[in-house]
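J.: My questions concern the predicted model and sequence given below.
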Number of protein chains: 2
Amino acid sequence: MPERLQRKAAHSVNDRALADFKVGVDNVIFSVDTAQNRLLVLLVMRQEDPFLGQWSFPGTLVRRGESLEDAAYRILAEKIRARNLYLEQLYTFGGPDRDPRESMDSYAIRYLSVSYFALVRFAEAELIADGVSGIAWYPLDQVPQLAFDHNEVLEYGHRRLRNKLEYSPVAFEVLPELFTLSDLYQLYTTVLGENFSDYSNFRSRLLKMGFLSDTGVKASRGAGRPASLYRFDAEAFAPLKDKPLVFI
Amino acid sequence: MPERLQRKAAHSVNDRALADFKVGVDNVIFSVDTAQNRLLVLLVMRQEDPFLGQWSFPGTLVRRGESLEDAAYRILAEKIRARNLYLEQLYTFGGPDRDPRESMDSYAIRYLSVSYFALVRFAEAELIADGVSGIAWYPLDQVPQLAFDHNEVLEYGHRRLRNKLEYSPVAFEVLPELFTLSDLYQLYTTVLGENFSDYSNFRSRLLKMGFLSDTGVKASRGAGRPASLYRFDAEAFAPLKDKPLVFI
C-alpha cells in the first residue's frame, strides 16, 4: 500500500477508537440559611429517564454554539432568581459508564459532566418552580442518594466550599451585606463544624486583617447587647487579594 | 396533536440542538531545574493539522472505554519516563470555536479539552523522543505562541502551581528526596519570584511546622559551609494535612 493510503487507513482506525460525547453541565449551588444555621444545596427531581424521580443537581446538556459557562448560567436562570451569584468551575467527571444511557443500544455515546460550584445568598434567592420539576434546598446532612454520580460531585463541591472559606473571602458572597461578627462566625461553624476555632480567636484574627469595617449601626437581636454591624470592604481587601491568607 | 406526541416532537428538536463533542486531554507538565533555577514546562511540536509545526501541550483524544485520567496517564507515558509523578485535574476548556476543526465542513463536532496539571522531578524525568514529534522542556519565560488556547491553559497551570506552593507541600514532589533549605528556598523563588519572602523568615517558618527532618548528612557545594540535608517527613505532616496552612 502507498504510504499515504497506509496513513489514511491508520487514521481511520484511530478515529473509530475515539469516544463520542455529549457534554453536560451540573450546578452544585450552595447557600446558608444563617437564621437557622443550615448549610443547603439545591436539588431538582428528575422528570425523565435515567433516574426518573430521583434528586439531582440542576443540569443541562450543552447546545451547539454554547459555552460551558453559558450553559451553567442558563440552567441557573431557569431554577433560581438571585441578585448576586458566585460561580466557578468545579471538576469534570468523564469516566466510562457514569451514565446508564451509554450502555443503551440506541446511544453509543458517552456523557461527560462539567460541574460548576455556585453560592447564593439564601434570603435573596428565589426558587423557580416550573410546575413540573420538583425543586428544593436540601440541608447537607439530609441529602438522599442522588442520580448519576452526583453524590461524588457533592463531595467535591463541599470540599471546595470548605477550602474557599478557609483561604478566601467567599463568606461575604453568602452573608447579607451587613452582618455581625457573630453571624460570620456562625456561617463558618455551619460549614466547617463547631471545632474549627473559638469565637474570640476568630474574631480578633479577622479584625486584624483590616477588611471588615464597622458601619456604626447596631443590630438588636434577642436578649443580648446590640451588636455592631460590619460590612466587607473590598477596597481594603484588594492589596491582600494575591497574598496567601488563612481566614480561620 | 396528542400531548405525548407533542412532547416527543419537542424532545427531538432539543436533541438536534445539542452539541456533539470529542474530548481531549492536555497535560501541563511542570518541572524545576533546581541546578539552574529554571521553571520548565513540557511542550511537543504538533505533527498534524491544525497548528502543524506549532508547540502545544502533550495531549490526546479520549478513546472508547477510557477514563479522562487514564488518557492523561497514557499520553504521559508516551512522552516521559519518571519514577514519581504528581497529577491532578486542572480545568476544562470547552467553548465553541476553540478548535478550528469545528468549523470545517467535514466535522460538525466540538473539541473540549480537560487539562491536567503534573509535576515531575527534573533529574528523574527522561523525555521520550519518538523520532517524529519534537519535544522540549521550555523555560516558562520563553514559551512561544502555542497551538489552540494552550497559552491560556498555561496561565491556569502556572496559577495552580503558585497556589499549590503557597498552600500545600507540593514542593517536595519536585525537589530531590534530600535537599538543603537553600534548595527549597531557591525552588520557591524560581516559581514565585524573588520577593515572595526573605530566606531567614522562610526558613524559620518552615522549620517550625515540624515536617522537615534533618538527616544529619551534610552537602558540600561550592565555597560555602556544608549545609544540612533535609527530607520531607510525610508522617509528621499527616496531622497537618487537613488544616489550612500557608507555606510562605
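T.: That came through, no problem.

J.: Now do the helix or strand harbouring A:Tyr188, average pLDDT.
T.: Using DSSP states H and E, A:Tyr188 sits in helix A:181-192. Computed over helix A:181-192, the mean pLDDT rounds to 92.

J.: buried stuff in it?
T.: A:Leu181, A:Asp183, A:Leu184, A:Tyr185, A:Gln186, A:Leu187, A:Tyr188, A:Thr189, A:Thr190, A:Val191, A:Leu192 (16 or more other CB atoms under 10 Å in any protein chain shown). Bear in mind the C-beta positions are built from the backbone N, C-alpha and C, glycine included.

J.: Remind me what it packs against, helices and strands.
T.: Contacts defined by 3 or more CB pairs under 8 Å, 6 or more residues apart in numbering or on different chains; DSSP states H and E place helix A:181-192 against strand A:21-33, strand A:38-45, helix A:150-167, helix A:199-209, strand A:227-232.

J.: Next one: the longest one, is it in contact with chain B?
T.: The one in question is helix A:150-167. Yes - using CB under 8 Å from any CB of the partner chain, helix A:150-167 comes into contact with chain B via A:Glu166, A:Tyr167.

J.: next one: that helix to chain centre, how far?
T.: 8 Å (CA atoms, centre = their mean, to the nearest Å).

J.: tell me the angle of that helix relative to helix A:181-192?
T.: Calculated by axes from the mean of the first three to the mean of the last three CA atoms, to 10 degrees, helix A:150-167 forms an angle of 140 degrees with helix A:181-192.

J.: Helix A:150-167 packs against which elements?
T.: Short answer (3+ CB pairs under 8 Å, 6+ apart): helix A:150-167 packs on strand A:21-33, strand A:86-93, strand A:110-119, helix A:181-192.

J.: what's the closest of those to A:Ser213?
T.: helix A:181-192 (12.0 Å; CB to CB).

J.: For that closest one, C-alpha coordinates in PDB please.
T.: Extracted in PDB, the C-alpha atoms of helix A:181-192 (Å, rounded to 0.1, in the frame of the first residue of the first chain):
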ATOM      1  CA  LEU A 181     -19.200  39.200  63.700                       C
ATOM      2  CA  SER A 182     -21.300  36.500  65.300                       C
ATOM      3  CA  ASP A 183     -23.200  36.000  62.000                       C
ATOM      4  CA  LEU A 184     -19.800  35.500  60.300                       C
ATOM      5  CA  TYR A 185     -18.700  33.100  63.000                       C
ATOM      6  CA  GLN A 186     -21.900  31.200  62.800                       C
ATOM      7  CA  LEU A 187     -21.500  30.800  59.000                       C
ATOM      8  CA  TYR A 188     -18.100  29.300  59.400                       C
ATOM      9  CA  THR A 189     -19.300  27.000  62.100                       C
ATOM     10  CA  THR A 190     -22.200  25.900  60.000                       C
ATOM     11  CA  VAL A 191     -19.900  24.900  57.100                       C
ATOM     12  CA  LEU A 192     -16.700  23.800  58.900                       C
END
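
J.: From the chain's centroid, how far away is it?
T.: The answer for helix A:181-192 is 18 Å, by CA atoms, centre = their mean.

J.: Same question for stretch A:85-93.
T.: With CA atoms, centre = their mean, you get 6 Å for stretch A:85-93.

J.: what domains does the record give for chain A?
T.: Following automatic domain parsing, one gets these domains for chain A: A:3-157, A:170-240.

J.: just those: most buried one?
T.: domain A:3-157 (a mean of 17; mean count of other CB atoms under 10 Å in any protein chain shown).

J.: hang on, the earlier thing: worst average pLDDT in the helices and strands packed on helix A:150-167?
T.: Across these, the lowest-scoring stretch is helix A:181-192, with a mean of 92.

J.: still on that earlier bit, let me have the helices and strands packed on helix A:150-167 in TSV, adding distance to B:Asp242 as columns.
T.: Formatted as TSV, the helices and strands packed on helix A:150-167 follow (distance: least, CB to CB, whole Å):
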stretch	distance to B:Asp242
strand A:21-33	20
strand A:86-93	19
strand A:110-119	19
helix A:181-192	11
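
J.: where are the low-confidence patches of chain A?
T.: A:1-16, A:104-107 (pLDDT under 70).

J.: for stretch A:92-111, how far is the first residue from the last?
T.: The first and final residues of stretch A:92-111 sit 11 Å from each other (CA to CA, to the nearest Å).

J.: who touches that stretch?
T.: A:19-24, A:50, A:112-115, A:148-149, A:152-153, B:20, B:23, B:62, B:64-68, B:89, B:92, B:114 (CB atoms under 8 Å, 6 or more residues apart in numbering or on different chains).

J.: how near is A:Phe232 to A:Ser56?
T.: Separation of A:Phe232 from A:Ser56 (CB to CB, to the nearest Å): 33 Å.

J.: go on, A:Asp149?
T.: In terms of CB to CB, A:Asp149 sits 10 Å off from A:Ser56.

J.: Show the contacting residues for A:Glu126.
T.: A:Glu126 neighbours (CB under 8 Å, 6+ apart): A:Ile80, A:Arg81, A:Ala82.

J.: who's it bridged to?
T.: A:Arg81 (DSSP bridges).

J.: Repeat that for A:Met45.
T.: Beta-bridge partners of A:Met45, as defined by DSSP bridges: A:Trp55.

J.: who are the neighbours in contact with it?
T.: A:Gly53, A:Gln54, A:Trp55, A:Ser56, A:Ser133, A:Gly134, A:Ile135.

J.: just to revisit the earlier point, mind putting the contacts of A:Glu126 in TSV, distance to B:Lys241 included?
T.: Converted to TSV, the contacts of A:Glu126 look like this (distance: CB to CB, whole Å):
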residue	distance to B:Lys241
A:Ile80	35
A:Arg81	40
A:Ala82	35
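
J.: Chain B: which of the residues you listed is nearest?
T.: A:Ile80 (21.4 Å; CB to the nearest CB).

J.: I'd assumed A:Glu124 was in contact with the closest one.
T.: No - the criterion here is CB atoms under 8 Å, and A:Ile80 misses it with A:Glu124 at 9.9 Å.

J.: Output the set of residues of chain A in proximity to chain B.
T.: A:17-23, A:61-68, A:89, A:91-92, A:94-96, A:109-110, A:112, A:114, A:166-167, A:244-248.
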